[in-house]
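[1] Predicted model and sequence below, questions to follow.
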2 protein chains.
Amino acid sequence: MLVGPGEKLNEMVRDLGGPFDRLKIIPATEVVAMSESPVVAIRKKPDSSLRVAVEMMADGKVEAVISAGNTGAFVAAAMMYARRLRGVRRPAISVVFPTLHGPVVVIDVGANVQCKPAHLLQFGLMASIYAKAVFGVESPRVALLNIGSEDAKGGGAARQTHDLLGQSSLNFIGNVEGRDLFNGTCDVAVCDGFVGNIMLKVVEGMSGAMLEIVAEAAYKESKEFGDRLRPMLRNVARRHDYTEVGGAPLLGIDGICIISHGSSNARAICNAIKAASKYAGSHVNDLIVDSLGGSRKGRK
Amino acid sequence: MLVGPGEKLNEMVRDLGGPFDRLKIIPATEVVAMSESPVVAIRKKPDSSLRVAVEMMADGKVEAVISAGNTGAFVAAAMMYARRLRGVRRPAISVVFPTLHGPVVVIDVGANVQCKPAHLLQFGLMASIYAKAVFGVESPRVALLNIGSEDAKGGGAARQTHDLLGQSSLNFIGNVEGRDLFNGTCDVAVCDGFVGNIMLKVVEGMSGAMLEIVAEAAYKESKEFGDRLRPMLRNVARRHDYTEVGGAPLLGIDGICIISHGSSNARAICNAIKAASKYAGSHVNDLIVDSLGGSRKGRK
């Protein structure tokens, strides 16, 4: 189902040779702009596509919602109009970095600016289940992203989180530093949404910049060399772009919310749909509820 | 002057064809290991090279100290045994990212895990002076690293810092996101040492990983192509390695403390010496004291 401005969507579908049997258009008249304040926009616009889609999920009409719109508004809509999974205190956004050593799940990358140790513990738990169920990592090595690997590193909250994770049933390997996300040290890295969001965007900005620098250096050597290298670099960028992996799930919601990048193309959205399907098929949410000791039924 | 275990250093210098007229060896018998707790180690080892060197600086025997040792111990030694510049509340480590659009100074990358808005304001001020004096940026565009560019983004501390920076005499351009460090948006980015340290190490880890991925893809195409690309990638890595820029100064100390990377080679240390020299010649410290309204004389 495609939720949004009816006329416009119908027209676009016609342009693509539709209507199509398997595609249903659900009209939603209001739009949340990228720059709008999330909570305010979602409250004031009951007929925005984001809110309509999330409410359809809450009503059991769809299992998953995918959006490349305003991330904050998507998270706010999910928090306000869908249920949290029983036992989950704070839903969190997880993202997968495809590295040379396999996928690394980073959680939270922006849903929660400030987090308590108990929240971070749950993030680790949810991401560990996700890594195992969706990526097949047998016993995910969970780490706390910190400024040094020694146990006592970071402020008081980091130390408390370290202790909580250490006492949990998770395969907790301790603190890791930023560089350890790329060298195969861990499968899951836990951080608060402030650190995670800044880091995610650093990775994004740097990936583009590095490839540009390499291309420029190649063209400086010769046009032939640059032309030969460019498609390879594009390929590398695509294979290692976390948005290509299928979007970022908001873990902890009773339903499936997949956040796609604002600049997603058709393939990225298609990957997000596949990811949602895999997520549903691997029963991530049931496993999260089980591990938190609650029942499948969510709560408002 | 080379501070460290006398016998060993003398031997190394002899191996290099010394002794040399311009190189004096200052013996220090104790060693702070990379894994030691900084404050404890510095207190308990008065004859460690780090403490001896910092005390020489405090006594006016040298103007600058360069170390590739334990960063935390270096910062602790500087805080405990050197003076702060008058008016400076918290010294902070700044690092320069060489980007396609020129150098970007990031402050703090690890001296202060938790910071108040007033500290972050001073970081912006010190880094702005440093960017202008050492890198010749005329009116450095100072930004606050945050999770979105809107004024109200981040938690309460981020908002307060945003306001303080906005009311200051700095050329403050507002909040920036992680990706903006690489696209020419700002010349100085301010963050606390927790975020900055994680980010710095992400950049470090990712830079290596990206180049490895590109090299691997090239070798997959053909050995000839890989062999041709490899020296170019090495060159790119070196030119864009922040450690090559000459180390990271600890701004706010009455003296010059340059933190070099633990894996520094001869060229990196040589660049750090040049950076210290440029730092001294451009009177960064005097300018910091002037702008804070104090006099040159430091305080214990």
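    Great, that's in hand.

[2] for chain A, what spans make up the strands?
    A:2-4, A:25-27, A:64-67, A:92-99, A:102-107, A:141-145, A:171-176, A:188-190, A:248-251, A:256-259 (DSSP state E).

[3] could these be laid out in TSV, adding distance to A:Leu287, mean neighbour count and mean pLDDT?
    Placement of C-beta: from N, CA and C, glycine included. Below are the strands of chain A laid out as TSV (distance: least, Cβ to Cβ, whole Å; neighbours: other Cβ atoms under 10 Å in any protein chain shown; pLDDT from 0 to 100):
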stretch	distance to A:Leu287	mean neighbour count	mean pLDDT
strand A:2-4	28	20	96
strand A:25-27	30	17	96
strand A:64-67	16	23	97
strand A:92-99	14	23	92
strand A:102-107	14	24	95
strand A:141-145	15	26	98
strand A:171-176	15	21	98
strand A:188-190	14	30	98
strand A:248-251	11	28	96
strand A:256-259	13	24	96
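
[4] can you put these in JSON lines and add distance to chain B?
    Below are the strands of chain A laid out as JSON lines (distance: least, Cβ to the nearest Cβ, whole Å):
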{"stretch": "strand A:2-4", "distance to chain B": "24"}
{"stretch": "strand A:25-27", "distance to chain B": "29"}
{"stretch": "strand A:64-67", "distance to chain B": "17"}
{"stretch": "strand A:92-99", "distance to chain B": "6"}
{"stretch": "strand A:102-107", "distance to chain B": "10"}
{"stretch": "strand A:141-145", "distance to chain B": "6"}
{"stretch": "strand A:171-176", "distance to chain B": "9"}
{"stretch": "strand A:188-190", "distance to chain B": "10"}
{"stretch": "strand A:248-251", "distance to chain B": "14"}
{"stretch": "strand A:256-259", "distance to chain B": "14"}
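
[5] Just put those in CSV and tack on distance to A:Leu16.
    Shown next, in CSV, are the strands of chain A (distance: least, Cβ to Cβ, whole Å):
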stretch, distance to A:Leu16
strand A:2-4, 11
strand A:25-27, 12
strand A:64-67, 18
strand A:92-99, 30
strand A:102-107, 32
strand A:141-145, 43
strand A:171-176, 45
strand A:188-190, 39
strand A:248-251, 27
strand A:256-259, 22
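
[6] quick one, which of those is nearest to B:Lys223?
    Closest of these to B:Lys223 is strand A:92-99, at 24.6 Å (criterion: Cβ to Cβ).

[7] by how many degrees do that closest one and strand A:102-107 diverge?
    Calculated by axes from the mean of the first three to the mean of the last three Cα atoms, to 10 degrees, strand A:92-99 forms an angle of 160 degrees with strand A:102-107.

[8] Tell me the strands beside strand A:92-99, with direction?
    strand A:102-107 (antiparallel), strand A:248-251 (antiparallel) (DSSP bridges).

[9] can you give me the helices for chain A?
    Along chain A, counting by DSSP state H, helices occupy A:6-15, A:38-44, A:49-58, A:71-81, A:117-135, A:156-167, A:193-221, A:223-239, A:266-281, A:284-291.

[10] hey, least reliable of those helices by pLDDT?
    Note on the helices of chain A: lowest mean pLDDT is at helix A:223-239, with a mean of 87.

[11] what residues does that helix touch?
    A:98, A:207-208, A:211, A:214-215, A:218-219, A:244, B:210, B:213-214, B:217-218, B:221, B:225, B:228-229 (Cβ atoms under 8 Å, 6 or more residues apart in numbering or on different chains).

[12] which of those are buried?
    A:207, A:211, A:214-215, A:218, A:244, B:210, B:213-214, B:217-218, B:225, B:228-229 (16 or more other Cβ atoms under 10 Å in any protein chain shown).

[13] Check those and tell me the two furthest apart.
    A:Glu244 and B:Arg228 (27.9 Å).

[14] residues contacting A:Phe194?
    A:Val113, A:Gln114, B:Ile147, B:Gly154, B:Gly155, B:Ala158, B:Val195.

[15] what's near enough to touch the second one?
    If you count contacts by Cβ under 8 Å, 6+ apart, A:Gln114 has them with A:Asp192, A:Phe194, B:Gly155.

[16] what do you get for the fourth one?
    B:Gly154 is in contact with A:Val113, A:Phe194, B:Asn146, B:Ile147, B:Gly148, B:His162, B:Asn175, counting by Cβ under 8 Å, 6+ apart.

[17] Then the fifth one?
    Taking Cβ under 8 Å, 6+ apart as the definition of contact, the neighbours of B:Gly155 are A:Val113, A:Gln114, A:Phe194.

[18] Surely the first one touches B:Ile147?
    Yes: counting by Cβ atoms under 8 Å, A:Val113 does reach B:Ile147; the two are 6.8 Å apart.

[19] Show the end-to-end separation of stretch A:104-120, please.
    Stretch A:104-120 has an end-to-end distance of 17 Å (criterion: Cα to Cα, to the nearest Å).

[20] how distant is it from the center of its chain?
    12 Å (Cα atoms, centre = their mean, to the nearest Å).

[21] if we can go back for a sec, which residues are common contacts for A:Val113 and B:Ile147?
    By Cβ under 8 Å, 6+ apart, the residues touching both A:Val113 and B:Ile147 are A:Gly193, A:Phe194, B:Gly154.

[22] How about the residues of the stretch 1-150 of chain A by chain B?
    Within reach of chain B by Cβ under 8 Å from any Cβ of the partner chain, the stretch 1-150 of chain A has these residues: A:35, A:37, A:72, A:99-100, A:110, A:113-114, A:145-148, A:150.

[23] which one of these sits closest to B:Ala53?
    Once Cβ to Cβ is applied, the member of the residues of the stretch 1-150 of chain A next to chain B that ends up nearest B:Ala53 is A:Gly148, at 22.6 Å.

[24] No more questions from me, cheers.
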